[in-house]
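Novice: how would this look folded up:
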Amino acid sequence: MVLAAVPLTTMRQRYVDALRPVVVELLFGLLGELGEARLYFQRGFDEDKTLAAVLGERRRRDIARGHTTAGPHRADWSLSFGNATKREHLSRGQEKLCAFACVMAQARVFAAGEGGWPILCLDDLASELDGEHQRKVFDLLLGTGAQILATGTDEPAAMAGFGAQTARFHVEQGRVTRLL
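Specialist: I've put the predicted structure just below:
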């Protein structure tokens, strides 16, 4: 595990480092009122020790528990904001915008590296977001040139002016009907 963990952890750290400035920029535009955003990566074991040392220290306890308590499988990432440092301080709409910013950042990094955008899928954007935030999201999306698949029970008000750029469908009881 140690031999595989080092390159995997290095790759993950580089990826988060590439995402960080994009996520911070997007979150400032979407949720600037929350203050500066920070994206953290926790590698899954103590930062000041090698994984081999940590595994050696925890070996007896891990055997007793029946699983390894440190390693790349325990890695995680988190977001925080200067004015809302705990997750529970965010509304559901703010959480949705955080998720969108993370997906959009990944799409931007992908597009920069690959020369083309992935298909961006959004589900029920109108729920939890007011019209202003819906417009901000669609303004970011329209500038990409990416194909966007948006689903929901209601059409977001921010889509009203899209015209010829969109195709709309209604799905009911397994039947798909083209609307535009």
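Novice: Low-confidence ranges, this structure, go.
Specialist: Within the chain, the set of residues satisfying pLDDT under 70 comprises 85-88, 160-165.
Novice: mind redoing it with 50?
Specialist: Low-confidence segments of the chain (pLDDT under 50): none present.
Novice: ok, and the closest non-adjacent residue to Ser127?
Specialist: Once flanking residues are discounted, Ser127 sits nearest to Gly152: 7.2 Å by CB to CB, 6 or more residues apart in numbering. For the C-beta atoms, the positions are set from N, CA and C on the backbone; glycine is no exception.
Novice: That neighbour touches Cys121, doesn't it?
Specialist: No: with contact defined as CB atoms under 8 Å, Gly152 and Cys121 do not form a contacting pair (11.6 Å).
Novice: Measure how far the longest helix along the chain is from the centre of its chain, please.
Specialist: With DSSP state H applied, the helix covering the greatest number of residues in the chain is identified as helix 2-31. Taking CA atoms, centre = their mean, to the nearest Å, one finds helix 2-31 lying 11 Å from the centre of the chain it belongs to.
Novice: Determine the angle, from 0 to 180 degrees, between the helix or strand following that helix and helix 2-31.
Specialist: Tracing the chain past helix 2-31, the next element assigned as helix or strand by DSSP states H and E is strand 37-42. Per axes from the mean of the first three to the mean of the last three CA atoms, to 10 degrees, the angle that strand 37-42 makes with helix 2-31 is 170 degrees.
Novice: Run through who's touching strand 37-42.
Specialist: When contacts are defined by CB atoms under 8 Å, 6 or more residues apart in numbering, strand 37-42 is touched by residues 12-13, 16, 19-20, 23-24, 27-28, 31, 75-82.
Novice: For this protein, just list every one of the strands.
Specialist: Under the criterion DSSP state E, the chain carries strands at the ranges 37-42, 76-81, 120-123, 148-151, 169-172, 175-178.
Novice: Determine the set of other helices and strands touching the fifth one.
Specialist: Contact analysis of strand 169-172 by 3 or more CB pairs under 8 Å, 6 or more residues apart in numbering; DSSP states H and E lists strand 175-178 as its packing neighbours.
Novice: Relative to Lys136, how far out is the closest residue to Ser80 other than its chain neighbours?
Specialist: Computed as CB to CB, 6+ apart, the closest residue to Ser80 that is not its neighbour in sequence is Arg38, at 5.0 Å. Going from Arg38 to Lys136 by CB to CB, to the nearest Å gives 21 Å.
Novice: Settle it for me: which of the two has more neighbours?
Specialist: Neighbour comparison, Arg38 and Lys136: the larger count goes to Lys136, with 18 against 15 (by other CB atoms under 10 Å).
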